[in-house]
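Undergrad: Sequence first, predicted model second:
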Amino acid sequence: RLAAITAAEELGDPDLTARVIGAYDVPAIWTRSDDEAQAAAIVAAAERVLPTQDHPSIRARLLATIALESRGSRSTRAREAALEAEQLARGLDDPALLAFTLNGVFMQTCYRAGLAPERDAIGAELVTLSQRHNLLTYEVLGHLIRPQSACARADNQTADEHAEAADALAARHELPLV
């Protein structure tokens, strides 16, 4: 991914670079990056190209990427990017984009304890949105977020229900990583 972003930047075409950065639309549940240097490079590239982009959906994808790739940081910029991405996405008729931005908002609700209700609301919205618009991987994400937030509130029954729902989707759709 970083090689593709770097190659796009080397061509000097900010629109292409923005599309390459925003094309990576894979739901993320891990709240810490496994490659912080790569994540930081992706965030830096997104920040460089962001000022050149006016279209709300492209800006939302770039901002959500900043939020997602900044997971685990205490950066206020990452939280601001997540909220701005969500606001932009809510103004568009693009459920997949909204799901992507909600993933960024989720990542930015993991910077301190006590935010389980907010995370649960995001998970619930992802499940509902995804069921309505056939966004299977984001439905799984919503079901994976909800056990985390339920466990934080010692609600084991709800946690079990959503874990079972995620497992059922994984089995039905051959998603072994779930």
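TA: Perfect, thanks for sending it. Note that the coordinates shown come from a computational prediction; the quantities given were computed from them, not determined experimentally.

Undergrad: Just the pLDDT for the spatially most central residue of the chain.
TA: Residue closest to the average C-alpha location in the chain (CA atoms, centre = their mean): residue 103, at 2.6 Å. As predicted, residue 103 sits at a pLDDT of 98.

Undergrad: wait, it sits on residue 144?
TA: No. Between residue 103 and residue 144 there is no contact under CB atoms under 8 Å: 10.9 Å. Quick note: C-beta positions are derived from backbone N, CA and C, even for glycine.

Undergrad: For burial, what's the neighbour tally of the closest residue to residue 136 other than its chain neighbours?
TA: Distances taken as CB to CB, 6 or more residues apart in numbering place residue 173 nearest to residue 136, at 5.9 Å, with adjacent residues excluded. Look at residue 173: counted by other CB atoms under 10 Å, it has 12 neighbours.

Undergrad: could you dump the host helix or strand of residue 159 to CSV, C-alpha only?
TA: Here residue 159, judged by DSSP states H and E, is contained in helix 156-172. Extracted in CSV, the C-alpha atoms of helix 156-172 (Å, rounded to 0.1, in the frame of the first residue of the first chain):
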residue,chain,number,x,y,z
ASN,A,156,-21.6,-10.6,29.0
GLN,A,157,-24.9,-11.6,27.5
THR,A,158,-24.8,-8.8,24.9
ALA,A,159,-21.1,-9.5,24.2
ASP,A,160,-21.9,-13.2,23.6
GLU,A,161,-24.8,-12.4,21.2
HIS,A,162,-22.6,-10.1,19.0
ALA,A,163,-19.7,-12.5,19.1
GLU,A,164,-22.0,-15.3,17.9
ALA,A,165,-23.4,-13.0,15.2
ALA,A,166,-19.9,-12.2,14.0
ASP,A,167,-19.0,-15.9,14.0
ALA,A,168,-22.2,-16.8,12.1
LEU,A,169,-21.4,-14.2,9.4
ALA,A,170,-17.8,-15.5,9.2
ALA,A,171,-18.9,-19.1,8.7
ARG,A,172,-21.6,-18.2,6.2
